[in-house]
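Engineer: dropping a prediction and its sequence here:
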Amino acid sequence: MSAPPSTPPAQEENQAPENEGLTVDTGLKPAGPTPSSSRFQVDLVAEAASGADKTPSSDSTLASGDKAPDGSEPAAGGEEAKGRFRVVNFMDPSGASPPEVVPAEGFQNGDTVMSEGSLHSSTGGQHHYHYDTHTNTYYLRTFGHNTIDAVPNIDFYRQSAAPLGDKLIRPTLSELHDELDKEPFEDGFANGDELTPAEEAAAKEAAEPKGAVKFGWIKGVLVRCMLNIWGVMLFIRMSWIVGQAGIVLSCVIVLMATVVTTITGLSTSAIATNGFVRGGGAYYLISRSLGPEFGGSIGLIFAFANAVAVAMYVVGFAETVVDVDCIMTDEINDIRIIGTITVILLLGISVAGMEWEAKAQIFLLVVLITAIFNYFIGSFIPLKSKESQGFFGYDSAIMMENMGPDFRDTESFFSVFAIFFPAATGILAGANISGDLSDPQLAIPRGTLLAILITGIVYLGVAISTGSCIVRDATGNGNDTLTAQFMVNCTDAACKFGYDFSSCKGDDGQYNCRYGLQNDFQVMSIVSGFGPIITAGIFSATLSSALASLVSAPKVFQALCKDNIYPGLEMFAKGYGKNNEPLRGYILTFCIALAFILIAQLNVIAPIISNFFLASYALINFSVFHASLANSPGWRPSFKFYNMWVSLAGAVLCCVVMFVINWWAALMTNVIVMGLYIYVSYKKPDVNWGSSTQALTYHQALTHSLHLSSVEDHIKNFRPQCLVMTGYPNSRPALLHLVHAFTKNVGLMICGHVRTGTRRPNFKELSNDQTRYQRWLLKNKTKAFYTPVFADDMRQGTQYLLQAAGLGRLRPNTLVIGYKSDWRDGDMMNVETYIHMIHDAFDFQYGSVVLRLKEGLDVSHISEQDDLLSSQEKTSGMKDVVVSIDMTDGDSSKPLSKATSVQNSPAIQKDDDDECKAATKPLLKKDKSPQRLNVADQRLLDASQLFKRKQGKGTVDVWWLFDDGGLTLLIPYLLTNKKKWKDCKIRVFIGGKINRIDHDRRAMATLLSKFRIDFSDINVLGDINTKPKKENVTAFEEMIEPYRLNEDDMEQDAAEAQKASEPWRITDNELELYRAKTNRQIRLNELLKEHSSTANLIVMSMPLARKGAVSSALYMSWLETLSKDLPPLLLVRGNHQSVLTFYS
């Protein structure tokens, strides 16, 4: 956007290195543009928070030798400028180069320097850059040309306060495209990249401070997952599982569990590589994929499950210590004492920081691996002293004997599987600290899947090994040897080694031995080369799992609290230290764990914990299936080894395993998840994470819309789909509420708004208003769409909407407008426009509906109202304009004229003319008591809420005078089906002849019964054609007198000229031609006052005027005469296509 250079090409080429940077103004500015000035002259403006460091790739640098604003010497070639650049003048590009230059290389190592815009730092105290093209700009070079158009850059795609780098705002389309003399946008986020306050706070919290400890995939994921999966189950239950199920079925059990965890690992990898992953583990993955409803429910129970798991593992550790004969008082109290001391020590390690916790995990892993090697080494060293306890070394006979199952004590395959599966539930240990990983997208897939592979192989190896060298039953008595005479009859594998363990099985079929796979949980200690190492391995397995859970629970809970899904938990979102440690979460987890440790009986709660983990796995798998099914362009994980159907199978498998482990715990888990889901759905947290639920909703809506378009409309499926000309939705509440009453959950409702004005349209503001008022409709539970358009006048805008509003079959078929009550006060050309809107609706084959209230409809001019648009409803890029309109008591019925079309709302508009600005005051919220309203405005506000309140017992009077296809009857039927209108009865009024009243009543009753429409009464009006009262006729003539042409009193040419310039005027011929119709409107008003003066609502056939034959003033006079001094009146005219049928 700089001026074209005037220097010769050669001279400019020589000056290019000097002109590449920004000129730093030292305070001496020329009085005006001089030939020696550079293209742009800029000030260096220091900011308060300029002391923080910035990355060289995104910060401006001063040329070597330049002084920083504070007087300090910057480092040569790359010291960051502590301030921001502000353009102060556009200068003549010709002439000598500036004295001081900032090199472009300091910004970016390429052609482009830095795009103007806002540069938001990821760390709280750093400075924020804000630039507007037309007042502030950088001097840029892209591909060797001067331009503010920027090349692709990763910093453009960051969120504000992103943890991985600075946010850089690309030039907006308006900055590149708008005319130079157009006023710039006042907001700094014209491209809509600004986060909501909640997201901004969360992003700042997630920002990594200097010196934060980050882990790679080995220490951060692999080690944690292996430690969690290799739980205490490996040492004290695996041998028992082999004794019960045999080698083959034990391998099947391990493989089944591994299949479930592998599928879940693949799904986790897919989600984790579909964009940047912050802290929160399973909660973050699920919530960002399926939305806050599922994420919030799973996040809470997952954090709780991890907290209780700490108690489970600590109690397991304490029981092992007690088994080593360290009894102090009694067994239960010993467990409590040891468990309490242990969890306090673990808390100290956790609070010390992630670095200390990681070192502890490494130490525990070394101990654990040593114990595993110790077992395998010992299995190859058979000792005579161990044979009596069932260990004979590897032997094919023992292997074959243990190959099949031997279930005892009501055990079965599934009960044994249920005991083993919790050992495989540690695969998310690494993902749970995703916020502490240096590269979660790489670490989570690699570490998790490798951990599943390694631990699976070890479990299989232990199963085969124990089954090949240890018998199921042994007495432990070295004297139970075979004599030669019994050797022949012995068939057990132990017989081969000279031992007779047949005494283990009693006469009653019960086994009573203490040793062997089936009886001794510590058999691996016997087999191992050095028994105490196995005990140390058990300690290591339990403590490492407890430590991992103690870290995971607060991290997940902190992420949940940051998102503010559940009110009242914000205090736990705060982090401390360089790693943003959730110390409050640690204390809460400690308290929960301590409470369950003191219970010391976890046999009941343990299945529920396993089910909580499985519910998380099921939802992670379902997330991948759901995201793939939605087919969103945003779903493109870099991890490709997944399949949507495999993920779905994994989700089903997880649900099946939940019921296999414990059916009542599975039911309880599902009830809790659904309860939390319903709660979060009801609260509707104000977050937008681009979930797959949104994507699938769009996909289904698009698919169904296309499917609807392929099917012809049928009368039985007709729905009133209304284009309601409300202006701003909050400016005509009565119109909005009434139409919403009969379209809610039935048909489409579009709030149309025609924006007019003398200035050029501001389409950016139009887009922002559309988002703002759509949110207002949603907040007020109004099921409608807001569609604004710019047009030269109301008629043109309405034509745009009549033609283009809607999509496919979801298009309006009925135009609803408010009655123009001030038609006699303004420019009659506005009446011409208003009437032509009705004509245009009929031309487009729309039905037309006009609502009239005595008090009016338009409440936009009343300033003493509650806030309709809270600051949370402002879209990104909007200024803090707080609109004060009271929805609790507002409604009005001003005409939809050109003037009022731009003053329907008190929101500030930039495209209004002076006349409109006078009426449209910016009603900013002020801290002062509201002014007293005059009587008319108070009535207007009361009337505006008329249709929002429940209607008492009364009637809806339907004056179905002309058959328009049934729309006049369908609308009141739909209304009275609603809860607020159910106490109102339908009364039908029809025209007829005096001598056929009974016949006409029976005929209408028959028709209504065939339509299955309930009614309370039918009145046949035989006196419609009676002449109206003389005083009413006189009043009508006085009303139209100012609008008559009176062509008989002037020359023909003058009359034709006046008619051409004022087409709304009523000619004498026209008045005489339609005298009978005029009298009918006057008479109908008399009948309406006589029969329906107490009705809650009158629905009446709208009189038609032939286009081109009836002037606008005459038609408007008919409508005025017909509807004046009556209860709320709805004039309805369908498009004369049937909308009711009595066929099935």
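Structural biologist: Cool, the structure landed. Numbers count the residues shown, from 1 in each chain.
Engineer: only C-alpha atoms from now on, for both contacts and neighbour counts.
Structural biologist: Noted.
Engineer: where does the residue nearest to the spatial centre of the chain land in three-state SS?
Structural biologist: With the centre of the chain defined as its mean C-alpha position, the nearest residue by C-alpha atoms, centre = their mean is Asn688, 3.0 Å away. Assigned by DSSP: H, G, I helix; E, B strand; the rest coil, the conformation of Asn688 is coil.
Engineer: for it, grab phi and psi.
Structural biologist: phi -140, psi 100 (degrees, to the nearest 10).
Engineer: so how far is Trp1118 from Lys1124?
Structural biologist: Distance, Lys1124 to Trp1118, using C-alpha to C-alpha, to the nearest Å: 10 Å.
Engineer: neighbour-wise, which of the two wins?
Structural biologist: Legend: neighbour count by other C-alpha atoms under 10 Å for Lys1124 and Trp1118, higher for Trp1118 (22 against 17).
Engineer: so Glu331 touches Val322, yeah?
Structural biologist: Yes: assessed by C-alpha atoms under 8 Å, Glu331 is found in contact with Val322 at 7.0 Å.
Engineer: higher neighbour count, these two?
Structural biologist: Val322 (18 against 15).
Engineer: mind listing what that one touches?
Structural biologist: Val322 makes contacts with Glu331, Asp334, Ile335, as judged by C-alpha atoms under 8 Å, 6 or more residues apart in numbering.
Engineer: quick check, nearest of those residues to Phe421?
Structural biologist: Among these, Ile335 lies closest to Phe421 (C-alpha to C-alpha), at 24.9 Å.
Engineer: number of residues surrounding that closest one?
Structural biologist: Residue crowding around Ile335 was assessed by other C-alpha under 10 Å; the count is 27.
Engineer: so where is the stretch 451-600 of the chain shaky, pLDDT-wise?
Structural biologist: 478-480, 482-491, 506-509, 600 (pLDDT under 70).
Engineer: how about a cut-off of 90?
Structural biologist: 469-586, 589, 592-600 (pLDDT under 90).
Engineer: quick one: Gln518 from Ser1138, how far?
Structural biologist: Counting by C-alpha to C-alpha, the gap from Gln518 to Ser1138 is 81 Å.
Engineer: those two: which is more packed in?
Structural biologist: Gln518 (24 against 16).
Engineer: right, and the more buried one touches Arg472 too?
Structural biologist: Yes: applying C-alpha under 8 Å, one finds Gln518 in contact with Arg472, separated by 5.3 Å.
Engineer: now do the shared contacts for those two.
Structural biologist: Gly243.
Engineer: need the contact list for His740.
Structural biologist: Neighbours of His740 in contact, by C-alpha under 8 Å, 6+ apart: Met749, Thr782, Lys783, Ala784.
Engineer: which residue ranges form the helices in the stretch 501-650 of the chain?
Structural biologist: 523-527, 531-562, 583-599, 605-630, 644-661 (DSSP state H, counting those that start in this stretch).
Engineer: for Pro1063, find the nearest of those.
Structural biologist: helix 605-630 (56.0 Å).
Engineer: next, the buried residues of the closest one.
Structural biologist: Neighbour counts using 16 or more other C-alpha atoms under 10 Å place 606-628, 630 of helix 605-630 among the buried residues.
Engineer: could you give the mean pLDDT of that helix?
Structural biologist: What helix 605-630 shows for mean pLDDT is 84.
Engineer: which helices and strands does it pack with?
Structural biologist: helix 238-272, helix 281-290, helix 292-323, helix 644-661, helix 663-683, helix 692-709 (3 or more C-alpha pairs under 8 Å, 6 or more residues apart in numbering; DSSP states H and E).
Engineer: any buried residues in the third one, and which?
Structural biologist: Within helix 292-323, the residues that count as buried by 16+ other C-alpha under 10 Å are 292-322.
Engineer: with the last one instead?
Structural biologist: By 16+ other C-alpha under 10 Å, the buried positions in helix 692-709 come out as Ser692, Thr693, Gln694, Ala695, Leu696, His699.
Engineer: quickly note the distance from the residue nearest to the first one when sequence neighbours are not counted to Tyr617.
Structural biologist: In other words, Ser692. In space, and not counting its chain neighbours, Ser692 is closest to Ala627: 4.9 Å by C-alpha to C-alpha, 6 or more residues apart in numbering. Counting by C-alpha to C-alpha, the gap from Ala627 to Tyr617 is 16 Å.
Engineer: next one: Ser250
Structural biologist: Distance from Ser250 to Tyr617, by C-alpha to C-alpha: 23 Å.
Engineer: now Thr1034
Structural biologist: In terms of C-alpha to C-alpha, Thr1034 sits 82 Å off from Tyr617.
Engineer: do the same with Gln1137
Structural biologist: Gln1137 is 55 Å from Tyr617, by C-alpha to C-alpha.
Engineer: just Glu1072 next, same as before
Structural biologist: From Glu1072 over to Tyr617 (counting by C-alpha to C-alpha), the distance is 82 Å.
Engineer: check Pro382 too.
Structural biologist: From Pro382 to Tyr617 the distance is 42 Å (C-alpha to C-alpha).
Engineer: residue ranges of each domain in this structure, please.
Structural biologist: 218-472+516-683, 717-861, 949-1143 (the TED database).
Engineer: any chance of those domains in JSON lines, with distance to Leu708 too?
Structural biologist: As requested, the domains of the chain are exported to JSON lines (distance: least, C-alpha to C-alpha, whole Å):
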{"stretch": "domain 218-472+516-683", "distance to Leu708": "20"}
{"stretch": "domain 717-861", "distance to Leu708": "6"}
{"stretch": "domain 949-1143", "distance to Leu708": "18"}
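Engineer: return the member of the ones you listed having the minimum mean pLDDT.
Structural biologist: domain 218-472+516-683 (a mean of 85).
Engineer: how far does it sit from its chain's centre?
Structural biologist: 31 Å (C-alpha atoms, centre = their mean, to the nearest Å).
Engineer: distance between the ends of it?
Structural biologist: Note: domain 218-472+516-683 ends 40 Å apart using C-alpha to C-alpha.
Engineer: which one of the helices and strands packed on helix 605-630 lies nearest to Tyr973?
Structural biologist: Once the helices and strands packed on helix 605-630 are compared by C-alpha to C-alpha, helix 692-709 is nearest, at 25.3 Å.
Engineer: show me which positions of whichever helix or strand comes after the closest one end up buried.
Structural biologist: Sequence order places strand 722-725 as the next helix or strand after helix 692-709, per DSSP states H and E. Under the neighbour-count criterion of 16+ other C-alpha under 10 Å, strand 722-725 has Cys722, Leu723, Val724, Met725 buried.
Engineer: how close does the third one get to Ile672?
Structural biologist: Per C-alpha to C-alpha, Val724 is found 43 Å from Ile672.
Engineer: many thanks, have a good one.
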